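Enquirer: fold the following for me, if possible:
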Amino acid sequence: MYYTTASWIVRLALVAPLLCAMRASAQSLIEDRKVTASDAGAGYQFGNAVALYETTAIIGSYQDDDAAQDAGSAYLFDINTGQQLFKLIASDAAMDDDFGISVAIHGTTAIVGAARDDDAGSTSGSAYLFDTTTGQQLFKLTASDAAADDFFGGSVAIFGTTAVVGAFGNDDAGDSSGSAYVFDTTTGQELFKLTASDAAELDQFGVSVAISGNTAIIGASGDGGFAGAAYLFDTTTGQQLFKLQASDDAPDSSFGDAVAIFANRAIVGAYRNDDAGSNSGSAYIFDTSIGQQLFKLSPPDAESNDNFGNAVSISGTTAMVGSVRDDDAGTGSGSAYLFDTSTGLQLSKLAASDGATGDQFGNSVAIFGTNAIVGANGNDDAGLDSGSAYIYSNGPMVLQQPRNAIVTNGETASFEFLLNSGDVTYQWYRDGVELTDDDHISGAQTAMLQIITSLSDVGVYECLATNLQGSISSNSVLLAVREDPNACEADLNDDGLLNFFDVSAFLNAYNAGCP
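Expert: Residues are numbered from 1 along each chain as shown. Next comes the predicted model:
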């Protein structure tokens with residue numbers, strides 16, 4: 001056995017770790033419909049907050065003027081039909097309450113925050129529980145120690161019979177150190193007040209809240225000079241479990257400004273992170289059972305001021321991240337991304353079919369199972385900043401993924417990425433660079449790429465498929481090109497197969513000094 005050239009197998013060895021972590025075949029989400037309030041008006045900002053449970057969505061419109069100027073409202077929709085079910089208004093609505101600034105839903109109960117309600121002083125805040133089957137208000141929630149400027153209700157969450165309400169302006173440990181409260185939704189009774197073990201001035205603990213099972217996550221975006229943090233609590237005892245921080249935390253990242261949790265996975269947004277430019281943003285996946293960071297998420301097209309991570313949601317093994325100031329359809333048109341929480345890999349990018357400058361699509365996001373909803377509170381359909389929301393459901397299924405290819409110089413290599421959907425455009429890439437057809441490449445913008453190979457074509461290939469509803473990427477695959485098939489058969493361990501075990505055999509021989 002001898003090998004005069006093995007550059008291709010060296011390349012294969014170098015890329016092997018990447019291939020072991022390829023994108024899994026996945027369904028994308030497609031835009032089913034756009035919804036707006038039946039009585040939409042300029043400045044209402046419908047879509048500023050969204051939440052989803054099974055086939056019922058709740059959408060906030062915190063600047064709605066029906067009950068009084070900026071009193072606010074929220075709407076329940078059937079996402080299967082797009083039908084508005086109920087408009088929710090507080091029983092004691094008053095001017096500038098901002099009812100609808102935050103929303104959440106689980107089972108047949110919804111909770112709506114009104115952070116500027118004045119019951120216990122200016123902007124002390126409150127929250128309201130509603131029956132989603134009737135639209136009837138059940139309870140009004142206020143903190144047992146409510147005080148002016150607490151902004152109780154600035155964030156809300158619900159799971160089963162437990163609700164969590166944030167009050168980021170609470171001053172127990174200094175100005176805006178923040179707190180959160182746990183309630184029994186069947187009685188409206190306050191169970192616990194939560195504060196961070198290391199609470200400090202300006203931490204803004206409670207700026208975001210989420211709950212799954214008996215575990216709540218509370219964001220504190222002001223912690224450590226606005227590097228930010230998030231905390232996990234047991235809602236049955238009120239005990240702090242872990243403090244979460246980004247592995248690369250830095251001042252002014254605002255880690256914790258958005259949080260979500262599902263089972264033993266949590267996602268935390270840091271919309272002011274600067275990895276891809278000032279305020280490009282990022283998000284982080286954590287294992288909540290041990291409090292450890294698993295992945296840092298950042299899209300490949302991230303740019304300055306995208307604010308990726310301003311809104312987050314998680315369901316099953318899929319996370320959704322808003323990027324409210326992404327500019328694909330104009331400045332501040334916005335977008336949202338889907339990620340696989342088991343690998344940290346991006347699945348697809350979503351944008352509104354009618355996206356426009358200033359729409360702020362992605363200002364709010366929610367995902368439940370195979371459905372999702374994205375708010376665009378800056379949409380202007382019913383007047384400036386009247387707002388809208390977009391409902392997504394399961395999209396095209398990947399029918400064919402490309403496969404790794406090993407060919408001899410001059411042979412034709414073929415890669416295919418096929419979806420069960422029409423109206424799709426394709427773009428192939430080599431090592432991240434967009435391909436175009438030429439004298440030896442064909443199909444660079446089709447489902448099948450063909451290459452009359454030379455040694456310069458060695459590389460990692462992938463395809464991006466796009467329609468009006470978004471994009472989905474193929475697996476990343478390797479093209480290896482042999483100079484002379486007779487010089488190296490590459491079955492280095494003589495097992496009759498050509499696979500990664502031959503890579504190991506090559507590296508062992510190389511390390512042993514074999515010529």
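Enquirer: give me the number of residues near the residue lying closest to Gly174 once chain neighbours are set aside?
Expert: Of all residues not flanking Gly174 in the chain, Glu201 sits nearest, at 3.0 Å (Cβ to Cβ, 6 or more residues apart in numbering). Backbone N, C-alpha and C define where each C-beta goes, glycine included. Look at Glu201: counted by other Cβ atoms under 10 Å, it has 13 neighbours.
Enquirer: now do the SS call for Glu201.
Expert: Counting by DSSP: H, G, I helix; E, B strand; the rest coil, the backbone at Glu201 sits in coil.
Enquirer: so it touches Asn170, yeah?
Expert: No: Glu201 is beyond contact range of Asn170, at 11.5 Å (criterion: Cβ atoms under 8 Å).
Enquirer: list residues touching both of the two?
Expert: The contact sets of Glu201 and Asn170 overlap at Ser176, Ser177 (Cβ atoms under 8 Å, 6 or more residues apart in numbering).
Enquirer: report pLDDT for the residue nearest to Gly174.
Expert: Looking at Glu201, its pLDDT reads 97.
Enquirer: could I get the contacting residues of it?
Expert: Contact analysis of Glu201 by Cβ under 8 Å, 6+ apart lists Ala173, Gly174, Asp175, Ser176, Ser177.
Enquirer: surely Ser456 forms part of a helix?
Expert: Yes: under three-state DSSP, Ser456 falls within a helix.
Enquirer: ok, it - contacts?
Expert: Contacts of Ser456 (Cβ under 8 Å, 6+ apart): none.
Enquirer: same thing with Leu399?
Expert: Leu418, Leu419, Asn420.
Enquirer: could you dump the residues you listed into TSV with distance to Gly121 added?
Expert: Converted to TSV, the contacts of Leu399 look like this (distance: Cβ to Cβ, whole Å):
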residue	distance to Gly121
Leu418	61
Leu419	56
Asn420	58
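Enquirer: so Phe308 sits right up against Lys296, yeah?
Expert: No: Phe308 lies out of contact with Lys296 (Cβ under 8 Å); the separation is 11.4 Å.
Enquirer: distance of Gly387 relative to Ala173?
Expert: 36 Å (Cβ to Cβ, to the nearest Å).
Enquirer: out of these two, which sits in the more crowded spot?
Expert: Each of Gly387 and Ala173 has its neighbours counted (other Cβ under 10 Å); Gly387 has more, 33 against 17.
Enquirer: please verify my assumption that that one contacts Ala42.
Expert: No: assessed by Cβ under 8 Å, Gly387 is found out of contact with Ala42, at 9.8 Å.
Enquirer: what is the neighbour count of Asp484?
Expert: For Asp484, using other Cβ under 10 Å, the count is 10.
Enquirer: just Phe205 next, same as before
Expert: 33.
Enquirer: got phi/psi on Val324?
Expert: In terms of degrees, to the nearest 10, the main-chain angles of Val324 are phi -60, psi -20.
Enquirer: what's near enough to touch it?
Expert: The neighbourhood of Val324, defined by Cβ under 8 Å, 6+ apart, consists of Tyr271, Asn307, Asn310, Ala311, Gly332, Gly334, Gln360, Phe361, Gly362, Asn363.
Enquirer: identify the residue spatially nearest to the third one, adjacent ones excluded.
Expert: What that stands for is Asn310. Tyr271 (4.1 Å).
Enquirer: gap between that neighbour and Ala246?
Expert: If you go by Cβ to Cβ, the gap between Tyr271 and Ala246 works out to 12 Å.
Enquirer: for Phe255, same thing?
Expert: As for Phe255, its distance to Ala246 is 5 Å (criterion: Cβ to Cβ).
Enquirer: between those two, which is the more surrounded one?
Expert: Phe255 (33 against 22).
Enquirer: contacting residues for the more buried one?
Expert: Counting by Cβ under 8 Å, 6+ apart, Phe255 has contacts 221, 227-230, 245-246, 249, 268-270, 273, 284.
Enquirer: let's see 10 Å
Expert: Taking Cβ atoms under 10 Å, 6 or more residues apart in numbering, we find Phe255 in contact with 219-221, 223-224, 226-230, 244-246, 248-249, 268-273, 282-284, 309.
Enquirer: can you give me the domain boundaries for this protein?
Expert: According to automatic domain parsing, the chain comprises the domains 7-24+399-511, 29-394.
Enquirer: give me whichever of these is most buried.
Expert: When those are scored by mean count of other Cβ atoms under 10 Å, the highest mean neighbour count falls to domain 29-394 (a mean of 22).
Enquirer: what's the nearest residue to Thr109 if we skip its chain neighbours?
Expert: Thr109 sits nearest to Thr185 (Cβ to Cβ, 6+ apart), 5.5 Å away.
Enquirer: please list all residues in contact with the one you found.
Expert: 106-107, 109-111, 129, 138-139, 141, 158-163.
Enquirer: out of the contacts of Leu399, which comes closest to Ser442?
Expert: Using Cβ to Cβ, Leu418 is the member of the contacts of Leu399 that sits closest to Ser442, with 16.5 Å.
Enquirer: what is that closest one paired to in the beta sheet?
Expert: Beta bridges link Leu418 to Gln400 when assigned by DSSP bridges.
Enquirer: spit out the contact partners of it.
Expert: When the contact criterion is Cβ under 10 Å, 6+ apart, the partners of Leu418 are 396-402, 424, 426, 447-448, 463, 465, 474.
Enquirer: residue ranges for the strands of the stretch 151-300 of the chain, please.
Expert: 152-159, 162-167, 179-184, 189-194, 205-212, 215-220, 229-234, 239-244, 258-262, 265-270, 282-287, 292-297 (DSSP state E, counting those that start in this stretch).
Enquirer: output the lowest mean pLDDT helix or strand found in this structure.
Expert: Lowest on mean pLDDT, DSSP states H and E among the helices and strands of the chain sits helix 7-20, with a mean of 38.
Enquirer: which SSE is immediately downstream of that one?
Expert: Under the assignment DSSP states H and E, the closest C-terminal helix or strand after helix 7-20 is strand 29-35.
Enquirer: what packs against that following strand?
Expert: Helices and strands touching strand 29-35, by 3 or more Cβ pairs under 10 Å, 6 or more residues apart in numbering; DSSP states H and E, are strand 73-78, strand 346-350, strand 371-376, strand 388-394, strand 470-473.
Enquirer: partner strands of the third one, parallel or antiparallel?
Expert: Paired with strand 371-376 in the same sheet, following DSSP bridges, are strand 361-368 (antiparallel), strand 388-394 (antiparallel).
Enquirer: and the shortest one, C-alpha only, in CSV?
Expert: The one in question is strand 388-394. Presented in CSV, the C-alpha positions along strand 388-394 are these (Å, rounded to 0.1, in the frame of the first residue of the first chain):
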residue,chain,number,x,y,z
SER,A,388,-49.9,43.3,12.8
ALA,A,389,-48.9,39.7,13.5
TYR,A,390,-48.0,36.8,11.3
ILE,A,391,-49.0,33.2,11.9
TYR,A,392,-46.7,30.4,10.7
SER,A,393,-47.2,26.6,10.5
ASN,A,394,-45.2,23.6,9.2
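Enquirer: now that strand against strand 29-35, angle please.
Expert: Calculated by axes from the mean of the first three to the mean of the last three Cα atoms, to 10 degrees, strand 388-394 forms an angle of 150 degrees with strand 29-35.
Enquirer: starting at the chain centroid, how far to strand 388-394?
Expert: Strand 388-394 has its C-alpha centroid displaced from the chain centroid by 14 Å (Cα atoms, centre = their mean, to the nearest Å).
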